[in-house]
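S.K.: Output the structure for:
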Amino acid sequence: MTGLSDLSGLRVLVVEDEMMVSMLIEDMLEDLGCKVVGPASRLEEAIELANSAELDCAVLDVNLGGQPIFPLADLLRAKGAPFAFATGYGDAGLRDADKGSPVLQKPFREGDLARILAELRAKASPAP
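M.R.: The predicted structure is shown next:
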C-alpha cells in the first residue's frame, strides 16, 4: 500500500452535496496530508472550481441533489485531471463512458480513499 507521504500535498477537488459526508471526506483528506479544493456542493460551483483552481484530482459524488455530475466528469477528462466517483450504487449509476472509472463505494473508509487517491496520483503525475 502507498505510504501517506505519497499523498502529501495532493490537491483534491471534493464535490459532495451532503454536508456531513463532505466534512468527513475533508477530514480524511487532511489526515492523509492532502489539500482540499472546495468543497463544492453544486454542479455550477464545481465546474467553476475545476476551471479556476489548481487541482491534481477529484472525488465526485455522482448525484448532486438530483443533478448528475457527468458534465464535470467530462470537463475533468478533457483537462486530463483524473477523478473517482463516490456513490452508494457502485458503477450501476454510471454512464457507459464512465464504466471502468475508479469508484469509492459509500460509505468508505480512509484506507479506501487513500488507495483510490494513490491510483489517481499515479495517473496525474507520470513517473520520472
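S.K.: Checking the most centrally placed residue in the chain next. Helix, strand or coil?
M.R.: When CA atoms, centre = their mean is applied to the chain, the residue found nearest the centroid is residue 59 (1.1 Å). Secondary structure, DSSP: H, G, I helix; E, B strand; the rest coil: residue 59 is strand.
S.K.: Strands along the chain, start to end?
M.R.: Secondary structure of the chain (DSSP state E): strands at 11-15, 35-40, 57-61, 63-64, 67-68, 83-87, 103-105.
S.K.: could you dump these to TSV with mean pLDDT and distance to residue 74?
M.R.: The way it works is simple: take the backbone N, C-alpha and C, and place the C-beta from them, glycine included. Converted to TSV, the strands of the chain look like this (pLDDT from 0 to 100; distance: least, CB to CB, whole Å):
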stretch	mean pLDDT	distance to residue 74
strand 11-15	98	14
strand 35-40	97	16
strand 57-61	98	11
strand 63-64	94	15
strand 67-68	94	11
strand 83-87	96	11
strand 103-105	95	17
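S.K.: Dump those strands to JSON lines, plus distance to residue 75.
M.R.: Formatted as JSON lines, the strands of the chain follow (distance: least, CB to CB, whole Å):
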{"stretch": "strand 11-15", "distance to residue 75": "11"}
{"stretch": "strand 35-40", "distance to residue 75": "13"}
{"stretch": "strand 57-61", "distance to residue 75": "10"}
{"stretch": "strand 63-64", "distance to residue 75": "14"}
{"stretch": "strand 67-68", "distance to residue 75": "13"}
{"stretch": "strand 83-87", "distance to residue 75": "10"}
{"stretch": "strand 103-105", "distance to residue 75": "19"}
